[in-house]
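Enquirer: Curious how this folds, go ahead:
(one chain, ligands or ions: 1)
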Amino acid sequence: MSDCVFCKIVSGEFTSSKVYEDDSILAFMDIQPVNEGHILIIPKKHVELIADLDNETSAKMFVIAGKINKALRKSDLKLEGINYFLADGETAGQEVFHTHLHIYPRFVGDGFGMVYNENYRKVLPKRAELDLIAEKVRILL
Ligand SMILES: [Zn+2]
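Expert: Numbering: from 1, shown residues only. Sure, this is the predicted structure:
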């Protein structure tokens, strides 16, 4: 895609601080990091949603994430935990419409967090409701 910032990083039109690269995957430093060590992992081909990415490349993204996770833990970066974050669609928080997996260090007091609605953990679904939803998804696998 000609107007996609990540495609321009893949082509070299835009510079990046590369962490990993092979024939189908690129990982580079996020220029707006949550914390030091914030890395983005992308497929080289332009695919908006990970739901539309082939299974092989999708799986490879997570294999590379695992390697980066281990490397971050060996580094001297401030790190007590690691988040993987992938927003699949605009409503889910996706801002660049070329699928990407964030991986970033976390530590106590870093100020980052998730926001839950007011009913979270107060109103729990009944087992029958969970079974019904599980069946809706299971039959489509
Ligand atoms: Zn792209």
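
Enquirer: Buried residues, the lengthiest helix in the chain. List them.
Expert: Of all the elements of type helix in the chain, the one with the most residues (DSSP state H) is helix 55-74. The neighbour-count check on helix 55-74 (16 or more other CB atoms under 10 Å) flags 57-58, 60-61, 64-65, 68-69, 72 as buried. Quick note: C-beta positions are derived from backbone N, CA and C, even for glycine.

Enquirer: Let me have those in a markdown table, extended by distance to residue 127 and pLDDT.
Expert: A markdown table is the format used below for the buried residues of helix 55-74 (distance: CB to CB, whole Å; pLDDT from 0 to 100):
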| residue | distance to residue 127 | pLDDT |
| --- | --- | --- |
| 57 | 36 | 98 |
| 58 | 31 | 97 |
| 60 | 36 | 98 |
| 61 | 34 | 98 |
| 64 | 37 | 98 |
| 65 | 33 | 98 |
| 68 | 38 | 98 |
| 69 | 34 | 98 |
| 72 | 38 | 98 |
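
Enquirer: Direction included, what does the next helix or strand after the longest helix of the chain pair against?
Expert: Sequence-wise, the next helix or strand downstream of helix 55-74 (DSSP states H and E) is strand 81-85. Paired neighbours of strand 81-85 in the sheet (DSSP bridges): strand 101-106 (antiparallel).

Enquirer: who touches the helix or strand following the strand it pairs with?
Expert: Going down the chain from strand 101-106, the next helix or strand is helix 127-138, by DSSP H and E. Applying CB atoms under 8 Å, 6 or more residues apart in numbering, the set of residues contacting helix 127-138 from outside is residue 125.

Enquirer: what pLDDT, on average, does helix 127-138 get?
Expert: Across helix 127-138, the average pLDDT comes to 97.

Enquirer: Give me the neighbour count for residue 130.
Expert: Number of residues near residue 130 (other CB atoms under 10 Å) recorded here: 11.

Enquirer: Roughly how far does it sit from residue 140?
Expert: Separation of residue 130 from residue 140 (CB to CB, to the nearest Å) stands at 17 Å.
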